[in-house]
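# Model the following, please.
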Amino acid sequence: MRLDTAPPRRASRVNAGMILGVLAWVQFGAMAVTGENRAFLEAQKRPAFKITDPVGLVADEGEKAKQRRAGADLHAAIMQARADGAKQFRVSPGEYRFANMKSLRFEGLEDFTIDATGATFWFERDMKDVAANPPGLELVECKDITLKGVSIDFDPPLYMQAMIVRVDHGENAFEVDVDEGFPVVDELPGGQMTAYRAGGEFIPQAVLRHLGTTKIAARRLKVRFDPSMRRVVEGSHDKALAAAWQGKNLVRVGDYLAIIFRRGRSIHVDRCERITLEDATLYASPGMGILETGGQGGSTYRRVKLIRKPGTRRLHAGMADAFHSALTARGPTIEECEFSFNSDDMINLHGFFTLVCHRYCPRKLVVFPMRYNPYRVGGKIAFYDFSSVEPQGQATITAVEPLEDAALAEKAKRLPEEMRILAYKGDPYVITLDRDVAAAERSIADTFNYNAPGFVIRNCYFHDTMGRALLLNGASDGLVENNVYERMYGGIRVYMESWFYMEGGFPRNVRVVGNRLTDIGGPALGDADQPVQAAIYVGMVPRPNRMRKSKPLANIEIANNVIERPDRQPIIVTYTRGAKIRGNRIVRPHDRSGPLGLDVGSKYYGKSLRSAIYVAVSNDADVRDNTVVDPDGYCTDGPVDIGPMTENVTVE
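The predicted structure follows:
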């Protein structure tokens, strides 16, 4: 491990030489990109955002009617071509409109290509129900389907875009004027919003929550915000915080809010296998941009974008995760994609933990899946205590039977509510094992399947979100390579989502290599974020929020990444066996937490973290050839800090 020095912003506490390591650099303006990332380079060519541009909707009612007729005919034409034995269908360039909350749905389609290059699919909602749940494009139980070149948009827009005209500090409220091109919902329940400058810049914050809207005038609303937001609002902010962020975090009069509805999704790939989506552009998404659920998976997403529509004044693009995959037997390949300006995480790949609902004996248990049956005779299953996450044994399944006992079935379905976790929607089963295990009621189990294994995320550009860069909540045997991440609240997290969602199992055999992460972190972190305050985090977050001794994650590699100006800790690795942290270059760690003297994780780790790399509760970790550029000396615990409950950690 080496420390570099650069011209300091104040006196530096470290002196060291320089090592360039194994990183290759491509210069683009003032920015450095690891390797070649075409998605990033192409995004720089896009026209600058202008708040004076049109909204980008079709205004002429006669033209809309024509597009609706074209949309109504399209599905029938595609299905007729398939019935006639065709292997492909070319959609004529133009606009196709799907009205009255109707999706474009294909079910059971196999071995077929749809080339929609030059076509835009519009999905409509009635203005009287603008906060409804539009379904978008749906592929259900399809196999070996390729969809090329399509653009997807929604009409009317999926959120209220409103300029702040007044801040009412007494009532913790904004008064806003809703843009004429966007819908108005007079009485919207509480929800999320994202803040932007009039020039289009994302204002770096965590999730901004409002408590509801009320009408003041025709297009003027009062938006009551959570009192915790007072520190980010003009006139009641922390001056030191504002100085550390150079004012980039403040929300002021004249700024804009995207007040979202968060419904539906643009594309749903449900119980499918080997779908290919390429050269597609999502200009809006009502919820998830792309949602994968169930099935054999193994789909490919190449050069797919979730972006603002160029030449329009729409500030926001996605109302939830850009890409979300749950319960697929094989993970997706996501290549040369760009996801941006959305309201939650960029990518989340996961399965779910199984619940143990009843124990007949050490080899016979009642188990409850989240949705689909993941239990297979001959399959492995590992058990853990729900709270301590201590292992309770691993076995091979020798028999699987539906649960016939009605009373036990009802008990199983009540258990998630009693445990204060997400409701499970599957059916309970009785499994028999080849050996004794210590699992009991309320234990959790990892079935080692249907968690997006074998995923690849490569050569993509992700930027500008109040969510997290990547959640690998159970996905294993995967690669995250040569991506660019910029301006996000949270970084790459190889961990399980909070125990409420029960996303799992435990990630294993994951490589995070050659990525660049710039300006990761935000100024508002609560206690729930105590463990994960890092640009790259490896670990888990069971309830209650305290350190454990268990080490269920394995073989996570973090190598040759560039981490620039992280808000707090650059790298945290916990609860892991066989981690490799090699050849990373970290520039200006603790860029905001350092000058502010902010606490970084002391409620969880027992100390405020002040290093570039922190390793705790881990065995057999290899930390070497990393470079830290710390001109201000904020890494007072050194470049590498080894925490408690570690064994055989090598640092060079």
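
# Count the neighbours of Ala559 for me.
18 (other CB atoms under 10 Å). Using the backbone N, CA and C atoms, a C-beta is placed for each residue, glycine as well.

# May I have the beta-bridge partners of it?
Residues in a beta bridge with Ala559, per DSSP bridges, are Val513, Arg582.

# so what's it up against?
Ala559 sits next to Arg511, Val512, Val513, Gly514, Lys580, Ile581, Arg582, Gly583, Asn584 when contact means CB atoms under 8 Å, 6 or more residues apart in numbering.

# So which helix or strand of the chain has the lowest pLDDT on average?
strand 25-28 (a mean of 30; mean pLDDT, DSSP states H and E).

# buried subset of the contacts of Ala559?
Arg511, Val512, Val513, Gly514, Lys580, Ile581, Arg582, Gly583, Asn584 (16 or more other CB atoms under 10 Å).

# The last one and Ala616, how far apart?
Asn584 sits 18 Å away from Ala616, taking CB to CB, to the nearest Å as the criterion.

# Could you provide the buried ones among the contacts of Ala559 in TSV, with additional columns for distance to Ala284?
Converted to TSV, the buried ones among the contacts of Ala559 look like this (distance: CB to CB, whole Å):
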residue	distance to Ala284
Arg511	33
Val512	30
Val513	33
Gly514	32
Lys580	40
Ile581	39
Arg582	41
Gly583	40
Asn584	36
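
# Helices along the chain, start to end?
Counting by DSSP state H, the chain has helices at residues 38-43, 61-83, 239-244, 406-418, 593-596, 602-605.

# is it true that Thr293 touches Arg271?
Yes. At 6.9 Å, Thr293 counts as touching Arg271 under the criterion of CB atoms under 8 Å.

# residues of stretch 46-57 that come out buried?
Buried, per 16+ other CB under 10 Å, within stretch 46-57: Phe49, Val55, Gly56, Leu57.

# Need the max-distance pair from these.
Phe49 and Leu57 (17.1 Å; CB to CB).

# Run through the strands of the stretch 1-150 of the chain in chain order.
2-4, 25-28, 31-34, 88-90, 94-98, 104-107, 110-115, 119-124, 137-140, 143-148 (DSSP state E, counting those that start in this stretch).

# so what's Ser12 scoring on pLDDT?
You'll see Ser12 listed with a pLDDT of 28.

# Arg568 too?
91.

# I figured it was touching His590, is that so?
Yes. Counting by CB under 8 Å, Arg568 sits close enough to His590 to count as a contact (6.1 Å).

# Between those two, which contacts overlap?
Val600.

# Just give the closest residue to Asp186, not the sequence neighbours.
Lys215 (4.0 Å; CB to CB, 6 or more residues apart in numbering).

# which residues touch that neighbour?
Contacts of Lys215 by CB under 8 Å, 6+ apart are Val184, Asp186, Glu187, Leu221, Lys222.

# Could you dump the residues you listed into JSON lines with pLDDT, distance to Thr117 and neighbour count added?
Formatted as JSON lines, those follow (pLDDT from 0 to 100; distance: CB to CB, whole Å; neighbours: other CB atoms under 10 Å):
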{"residue": "Val184", "pLDDT": "92", "distance to Thr117": "36", "neighbour count": "18"}
{"residue": "Asp186", "pLDDT": "86", "distance to Thr117": "41", "neighbour count": "10"}
{"residue": "Glu187", "pLDDT": "86", "distance to Thr117": "42", "neighbour count": "9"}
{"residue": "Leu221", "pLDDT": "96", "distance to Thr117": "40", "neighbour count": "25"}
{"residue": "Lys222", "pLDDT": "95", "distance to Thr117": "45", "neighbour count": "16"}
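
# Rebuild those residues as JSON lines, extending it with distance to Gly298.
Shown next, in JSON lines, are the contacts of Lys215 (distance: CB to CB, whole Å):
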{"residue": "Val184", "distance to Gly298": "43"}
{"residue": "Asp186", "distance to Gly298": "46"}
{"residue": "Glu187", "distance to Gly298": "45"}
{"residue": "Leu221", "distance to Gly298": "46"}
{"residue": "Lys222", "distance to Gly298": "49"}
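
# okay, now the closest residue in space to Tyr634 that isn't next to it in sequence: neighbour count?
In space, and not counting its chain neighbours, Tyr634 is closest to Gly594: 3.3 Å by CB to CB, 6+ apart. Neighbours of Gly594 under the rule other CB under 10 Å: 23.

# before we move on, the earlier item: of the strands of the stretch 1-150 of the chain, which shows the lowest average pLDDT?
Looking across the strands of the stretch 1-150 of the chain, the weakest by mean pLDDT turns out to be strand 25-28, at a mean of 30.
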